[in-house]
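A.B. asks: Coordinates for the following, if possible.
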Amino acid sequence: MTLIGMLHHRKDPKTVIKSYAYAAVAKAEGAKFFFFSPGAVNFVNSSIKGQVYENGIWVERIMPFPDVIYNAGSPEKLAKSKEIIQRLKEKIPFTTHSIGNKWNINERLKEAKEFSNYLIPTEIVIDTEHFFKFVTAFEKVVFKPIDGRKGKGIFFISKSENGFLVTKDSDRISYSKQQLNDLIGSKLSTGTFIIQPYIQSTTKSGQVFDFRLHVQKNGEGKWVITTIYPRVAPMGSIIANINNGGFTNYLDPFLQQEFKEEAFNIKRTLEHFSLSLANHLDELQMLHYGEVIDEIGVDVGLDENSKIWIYEVNWRPGCPPAFYLELDVVINTIRYAVFLAKNQHTITNKIKSLKKKKMEEKKEIPIIAVTGSAGKTTSKAFLASILSKKWNIFESKDYWNTTEHTKKHAAEINPAHEAIVLEYGMAYPGVITEHCSIIKPNISIVTNIGLAHVGNFEGDIKKVAHAKSELIHGMDQNGVLFLNKDDPNSTFLETQNFKGRIITIGVNSAADYSAYDVKYVDTGMNFKMKLQGQEVSLFIPILGEHHVYNALNAIAVADYLGFTPMEIKLGLLFRKPPRRLTIYNCRDNITLIDDTVHSHPQGVRAAIDVLSNIGKHRKIAIIGQMRELGNLREEEYRKVGEYVFEKEIDLLITYGFRTDEIGTQAKTKGLSAKNVYHFTNREQLHELLLRIVKKDDTILIKGASKTNMFDTVKFLDQTFS
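C.D. replies: From the prediction side, this is the model:
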């Protein structure tokens, strides 16, 4: 006869209502049952001072160690007895094991592509800046504690005309950005919070609802559906949890009422989904921890297209709100406990077999290299951000793109990495060939072909394209190549003998991945595109239309690798590389635009575009040298001067050797001479800025790192802090 011990943090079973049901069902199933707490365990003689239910009362008995333990106590309250519990686990099988909090479960589900598609993107909120970036991208969000239970502490936040609308329980309050910033900051100071897009399921009458999927293992160790039932929020509330006033309904009549002829298909979909998810989580528990799980409760919603979205997964779900279902839960638990006790050896072998099979599975990991005259670092950063939402990736550091850096990367990459994202720079012929000989990519991105380093190629853009084509020749010839269809110079790339697949991106051309409706917003760019058969609105937290191309490179690769539109949208909220169109908001409404890493004609024009688009009053451009242009320098400087005039920049200041050629051409085109300045002395430049900068100015500082233009950014930021 199987002996089942029910472990609980409470010492008295009379205070644990469900202990009566478990004792009664165990007896009916032919098993012995007793209740105990950690302090009652004696490891010296392998005994436990337990409580046995006899003749309607609980009686204290000294019991031997049980054959199996049903762990029913609060994990938080049992934590102080973790050493005792761990020693018990080493001797006795447990029916129930933690699969973690909301965040841990979310991370595990990403491991299987078929389930990541059902996940609502979720981020741990780092700070208020991170929070607002997320709200800008998704507009309606849920903000809640990482370990929240029973619908407590949940905020629903959406953008409104005058600020933000915040709903908690049934209270709805308008907040300004500063007020919301203070609220979020105060919450973050108390603990860890997560944020998600708000995906709402509503009935025909406008009430919010979700489905609870309750699944357990039975007496054969197989997953079965205990129940599926809808939970409906009271009118005006947006939380369907029963503890917050929500109510339940029977599944079949609810589906018939809300979905008519689709009711049968939706029911079958929910049933299949619940069992598949349970099996998947069980397998992950075996692989990661050598344990099995016995019960989960999954809360899901359906969007307007009847697509399932996972709200939460609970490893200790509350009993369904009906007595006969509660009894079903107890029967499954007891029968599974008996099964576990009798089949522990079989389960142990299954876990070993599963781990061995996983070890033997080998797949080619994506090795992605990014090159191009502009946009390498940002494209790499976007892509790494997306891929890291699901995979363990290796990403090269920003601007670490020399062959010496690639040698270091080769030594750092290990078998745990599921994708490699690298940046391959070059200033001379043969460099990219060397990169590829160190780490050979199977996916490559060429962002564009421009004038960066053209002076090292006799001023010939075709020779630059030839050097960049070394990536095409050096990569896996059956791999995938991503090209910019809007870039005319990319037609010079040598793709004729490439045997792999070529995928194109663009904004102005009909490409495989095309962006449209590109718009500036306060903190970045909005655009739309067709992705996996649907129109998707996307946001990137960096200014400039040229960065939409960088985002498209990342989107195209991520989509090819099987990432969902939601995962892509979340990944685009990346950590922007430093000093790349970074905005400083100074006093007197003065705005600084810091773009002081690289400088070439294409990048200068892109930065001027940003200045032109975000400057609401006087616009000032401070432009430094562009290096390695060779005999094209004079021509390209003149073109930049013309562009400054065309974009109606109010003041032009040039800094460095021969940069006065930019100002000369701007004046020739019609810019007033009194609004054009040139310096080769930084202190004199700063003295001028002290005299001329005034309220509401927007100032662009553009230059390469070697010209130390960032010193001017620091000077202005400190002066007008």
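
A.B. asks: Just the buried positions in the longest helix seen in the chain, please.
C.D. replies: In the chain, assigned by DSSP state H, the helix with the most residues is helix 263-289. Buried residues in helix 263-289, counted by 16 or more other Cβ atoms under 10 Å: 263, 266-267, 270, 273-275, 277-278, 280-287. Heads up, the C-betas are built off the backbone N, CA and C, glycines and all.

A.B. asks: what's the answer for stretch 183-197, then?
C.D. replies: In stretch 183-197, counting by 16+ other Cβ under 10 Å, buried: 183, 184, 187, 188, 193, 194, 195, 196, 197.

A.B. asks: gap between residue 287 and residue 336?
C.D. replies: Distance from residue 287 to residue 336, counting by Cβ to Cβ, to the nearest Å: 21 Å.

A.B. asks: now do residue 193
C.D. replies: Taking Cβ to Cβ, one finds residue 193 at 35 Å from residue 336.

A.B. asks: Likewise for residue 203?
C.D. replies: Distance from residue 203 to residue 336, by Cβ to Cβ: 35 Å.

A.B. asks: the more surrounded of the two?
C.D. replies: residue 336 (25 against 16; other Cβ atoms under 10 Å).

A.B. asks: Enumerate every residue touching that one.
C.D. replies: 95, 216, 217, 218, 219, 221, 294 (Cβ atoms under 8 Å, 6 or more residues apart in numbering).

A.B. asks: ok, the third one - how many residues close by?
C.D. replies: Using other Cβ under 10 Å as the criterion, residue 217 is surrounded by 23 other residues.

A.B. asks: can you check residue 141 too?
C.D. replies: Neighbours around residue 141, by other Cβ under 10 Å: 21.

A.B. asks: So what touches whatever helix or strand it lives in?
C.D. replies: Assigned by DSSP states H and E, residue 141 belongs to strand 140-145. Strand 140-145 is contacted from outside by 125, 131, 134-135, 152-159, 184, 187, 191-198, using Cβ under 8 Å, 6+ apart.

A.B. asks: Which of those residues fall in strands?
C.D. replies: Those of the contacts of strand 140-145 mapping onto strands are 155, 156, 157, 158, 159, 193, 194, 195, 196, 197, per DSSP state E.

A.B. asks: And the second one, how far from residue 246?
C.D. replies: Think residue 156. For residue 156 relative to residue 246 (Cβ to Cβ), the value is 15 Å.

A.B. asks: In a strand, residue 347, correct?
C.D. replies: No - counting by DSSP: H, G, I helix; E, B strand; the rest coil, residue 347 is not part of a strand but helix.

A.B. asks: that older thread, now the buried residues of stretch 183-197 as TSV including pLDDT and distance to residue 644?
C.D. replies: As requested, the buried residues of stretch 183-197 are exported to TSV (pLDDT from 0 to 100; distance: Cβ to Cβ, whole Å):
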residue	pLDDT	distance to residue 644
183	95	44
184	96	41
187	94	46
188	95	43
193	94	46
194	91	46
195	94	41
196	91	44
197	92	41
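
A.B. asks: Which residue ranges make up each domain of this structure?
C.D. replies: Taking automatic domain parsing as the criterion, the chain consists of the domains 3-91, 102-120+202-359, 123-197, 367-571, 582-719.

A.B. asks: low-scoring pLDDT stretches of the chain, where are they?
C.D. replies: 101-103, 110-114, 148-151, 241-245, 320-324, 362 (pLDDT under 70).
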